[in-house]
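A.B. asks: Here is a sequence together with a model predicted from it:
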Amino acid sequence: MPELDKSRTSLRDPASEPAWVRWLLIIIASIFLALFLVLPLAAVVIRVIQAGWGSFAETMTDRDTLSAIRLTFSVAALAVPFNLVFGVTAAWAIAKFDFKGKTFLTTLIDLPFSVSPVISGLVYVLLFGADSWLGPQLKALGFPVVFAFPGIFLATVFVTFPFIARELIPLMEAQGTSDEEAAITLGATGLKTFFFVTLPNIKWALLYGVLLCNARAMGEFGAVSVVSGHVRGKTDTMPLHVEALYNDYNTGGAFAVASLLAGLALITLLLRTLLEIRYGDQVGHGAGHK
């Protein structure tokens, strides 16, 4: 026992570093954030201000810009609910049940984190492109995939489907199954158990994951760039439209659209921060914290 007490007293508090060490770490982190986050965002805002309100308004009312905005929001509006259903289903299966292949399923969910978005877009081109067997068949039926809305939707779903699932899995595993078992014991059906027991327990983590998924869906470039074909006014999303404007030497317009994307990202970040502050113990620690 004396030896045990001595070993305990010899353990150092990890937060007892000298003040200069703590300040050095804070300064390094702040410099890094300033160089790679704050300054680029400030540069976008400054360029928009320099171009003037007239240039901003002209860009925002341009037909191609409006088409890019509509397409971006349309894809996100479909991809996010799709991933919401998948994320809740996958998290429920992984966290609440034991089955063969559980680890493999979890690995598959993490796949988009390790695969380049460009490669995922190329896969859809190989599957549904003009040189594939399936692509021409679908196009003949009036349902083209590549260089059309369906391809952009599929590519967006692929790169965003881990976010909601990965936000829910750790939380649902920590909560266990006791609440659901109690509800079923009292006679609740599966649907009632989900809507009145499980869903209230995960609602803030679910909203957190939806915010992250939506932000990635609106800002995705690589996979969408491969499958879209860059058709102005038809298959260009907002990130692709920024590139197109910049390549046309319309830097004012490019920064105007970029500022809109940055604004949406900042709104998402603000909502995420508010959720963490208010419901920090009720949100997961999955993809959003990677």
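C.D. replies: Nice, I can see it. As the structure is a prediction and not an experimental result, all values here were calculated from the model.
A.B. asks: is it true that D179 touches N201?
C.D. replies: Yes - with contacts counted by Cβ atoms under 8 Å, D179 reaches N201, the gap being 6.8 Å. (Each C-beta comes from the backbone N, C-alpha and C, glycine too.)
A.B. asks: tell me the mean pLDDT for stretch 152-170?
C.D. replies: The average pLDDT within stretch 152-170 is 93.
A.B. asks: if I pick A140, what's in contact with it?
C.D. replies: A140 makes no contacts at all, as judged by Cβ atoms under 8 Å, 6 or more residues apart in numbering.
A.B. asks: Tell me, what's the model's pLDDT at it?
C.D. replies: So A140 comes in at 85 (pLDDT).
A.B. asks: what helices or strands is whichever strand or helix holds P112 leaning on?
C.D. replies: P112 is part of helix 111-114 when elements are defined by DSSP states H and E. Here helix 111-114 touches helix 149-160, helix 162-175, going by 3 or more Cβ pairs under 8 Å, 6 or more residues apart in numbering; DSSP states H and E.
A.B. asks: any idea what sits nearest T193, other than its immediate chain neighbours?
C.D. replies: Excluding the flanking residues, the one nearest T193 by Cβ to Cβ, 6 or more residues apart in numbering is A183, at 4.5 Å.
A.B. asks: For that neighbour, which three-state class applies?
C.D. replies: helix (DSSP: H, G, I helix; E, B strand; the rest coil).
A.B. asks: Show me which parts of stretch 56-63 are buried, residue by residue.
C.D. replies: Neighbour counts over stretch 56-63 (16 or more other Cβ atoms under 10 Å) mark F56, T59, D62 as buried.
A.B. asks: which residues does the first one contact?
C.D. replies: Going back to what we said before, that points to F56. F56 touches V48, G252, A256, S259, counting by Cβ under 8 Å, 6+ apart.
A.B. asks: The helices and strands packed on helix 111-114 into JSON lines, with extra columns for distance to E220 and mean neighbour count?
C.D. replies: Converted to JSON lines, the helices and strands packed on helix 111-114 look like this (distance: least, Cβ to Cβ, whole Å; neighbours: other Cβ atoms under 10 Å):
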{"stretch": "helix 149-160", "distance to E220": "6", "mean neighbour count": "23"}
{"stretch": "helix 162-175", "distance to E220": "12", "mean neighbour count": "23"}
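A.B. asks: Could you list the single helix or strand in this structure with the lowest mean pLDDT?
C.D. replies: helix 2-10 (a mean of 50; mean pLDDT, DSSP states H and E).
A.B. asks: Tell me the one of the contacts of F56 nearest L191?
C.D. replies: Distance to L191 across the contacts of F56 (Cβ to Cβ) is lowest for S259, with 44.4 Å.
A.B. asks: The closest one contacts V48, correct?
C.D. replies: Yes - between S259 and V48 there is a contact under Cβ under 8 Å: 4.7 Å.
A.B. asks: Counting neighbours, what do you get for T185?
C.D. replies: Residues contacting T185 under the criterion other Cβ atoms under 10 Å number 8.
A.B. asks: got a list of what the spatially most central residue of the chain touches?
C.D. replies: Closest to where the C-alpha atoms of the chain average out (Cα atoms, centre = their mean) is C213, at 3.1 Å. C213 makes contacts with A79, V80, N83, L84, G87, T160, F163, I164, as judged by Cβ under 8 Å, 6+ apart.
A.B. asks: quick revisit: correct me, but the residue nearest to T193 touches F195?
C.D. replies: No - with contacts defined as Cβ under 8 Å, A183 does not count as touching F195, sitting 10.5 Å away.
A.B. asks: between the two, who's got more neighbours?
C.D. replies: A183 (18 against 12).
A.B. asks: check which helix or strand covers the nearest residue to G151 once chain neighbours are set aside.
C.D. replies: Using Cβ to Cβ, 6+ apart and skipping residues adjacent in sequence, the residue nearest G151 is V227, 3.8 Å away. Here V227 is covered by helix 222-228, with elements defined by DSSP H and E.
A.B. asks: any low-confidence regions in this structure?
C.D. replies: Filtered on pLDDT under 70, the chain yields the residue ranges 1-16, 279-290.
A.B. asks: for it, longest helix please?
C.D. replies: helix 63-96 (DSSP state H).
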